[in-house]
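[1] Have a look at this fold, sequence not included:
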Ligand SMILES: CCCCCc1ccc(-c2ccc(S(=O)(=O)CCO)cc2)cc1/C=C\c1ccccn1
């Protein structure tokens, strides 16, 4: 797929998003505001507007037992599972298979009153990156979703307002070695999940409405997704 015309952007954006995902909220530029906390899940946002439109960057940190980062990324990336965990998506279509690990999606989201309905056109790339810090560090799996403009699929021609997103799901897997060389079981697995997103809603939507939607929807979104993965994996062999 390195010959695909989108590949240089895919490579650049993916590596840039991994960099941002690895920054802890403490030492990131700008003030992160903790806006939701449920058990191990902590959700932060920065309040940012671009010409009157809310584009609050979001960073969610979560720790989940019993699954690997590869499994979490597989269920996030693979379109066949999408509608089972994504409650705000009405339709999802793969327009192009850029590579085995890279797809082009057109996605229509459910309308959220009082705003108009949104769609999203984005590439999605899944990648395994060895932790360059220390060789025996946890391996990292990521899925990066990034909006693209395609002349043949112009924005805002139908019923939907085109939203623009950059999303990164980064997962680090930690294995607690079991006693005296016993087989690793799911109880020995811990997955540290960092979900970053910047969404430009496209057309104007009242800032208070958008912030209320995100405050309500994002915690539900991440909890529903991670519970779905735990449920799907529990009686399956571990995918490292
Ligand atoms: C007024 C409404 C404006 C649009 C709201 C909205 C914006 C973005 C998105 C969204 C959320 C997750 C992704 S993804 O992580 O890439 C996975 C692929 O689907 C892509 C897009 C959705 C929604 C609509 C509701 C909403 C808001 C948060 C969380 C969940 N739903």
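    The structure has been received and is ready for your questions. Predicted model only: the values in this text are computed from it and were never measured.

[2] if I look at residue 20, how far off is residue 57?
    The span separating residue 20 from residue 57 equals 9 Å under the rule Cβ to Cβ, to the nearest Å. For every residue, glycine as well, the C-beta is placed using N, CA and C.

[3] Next: residue 121.
    Distance, residue 121 to residue 57, using Cβ to Cβ: 21 Å.

[4] Looking at those two, which is more packed in?
    When neighbours are counted by other Cβ atoms under 10 Å, residue 121 and residue 57 differ, and residue 121 comes out ahead with 21 against 18.

[5] How far does the one helix or strand the more buried one maps to sit from its chain's centre?
    Assigned by DSSP states H and E, residue 121 belongs to strand 118-129. When C-alpha coordinates are averaged (Cα atoms, centre = their mean, to the nearest Å), strand 118-129 and its chain have centres 8 Å apart.

[6] can you tell me if it touches the ligand.
    Yes: residues of strand 118-129 are located near the ligand by Cβ under 6 Å from any ligand atom, namely 118, 120.

[7] Name the strands paired with the helix or strand following that strand and say parallel or antiparallel.
    Scanning forward in sequence from strand 118-129, with DSSP H and E defining helices and strands, the next element found is strand 140-147. Taking DSSP bridges as the criterion, strand 140-147 pairs within the sheet with strand 118-129 (antiparallel), strand 164-175 (antiparallel).

[8] and for strand 140-147, what are the contacting residues?
    By Cβ atoms under 8 Å, 6 or more residues apart in numbering, the surrounding residues in contact with strand 140-147 are 9-10, 13-14, 17-18, 21, 68-70, 72-73, 76-77, 105, 120-131, 163-173.

[9] Against the ligand, how distant is residue 223?
    Applying Cβ to the nearest ligand atom, to the nearest Å, one obtains 11 Å for the distance of residue 223 from the ligand.

[10] how would you label that residue: helix, strand or coil?
    Taken by DSSP: H, G, I helix; E, B strand; the rest coil, the conformation at residue 223 corresponds to helix.

[11] Tell me who's in contact with it.
    38, 41.

[12] how does it look with 10 Å?
    Taking Cβ atoms under 10 Å, 6 or more residues apart in numbering as the contact definition, residue 223 lies against 36, 38, 39, 41, 62.

[13] And for the fourth one, the neighbour number?
    Summarising burial for residue 41: neighbours were counted as other Cβ under 10 Å, giving 19.
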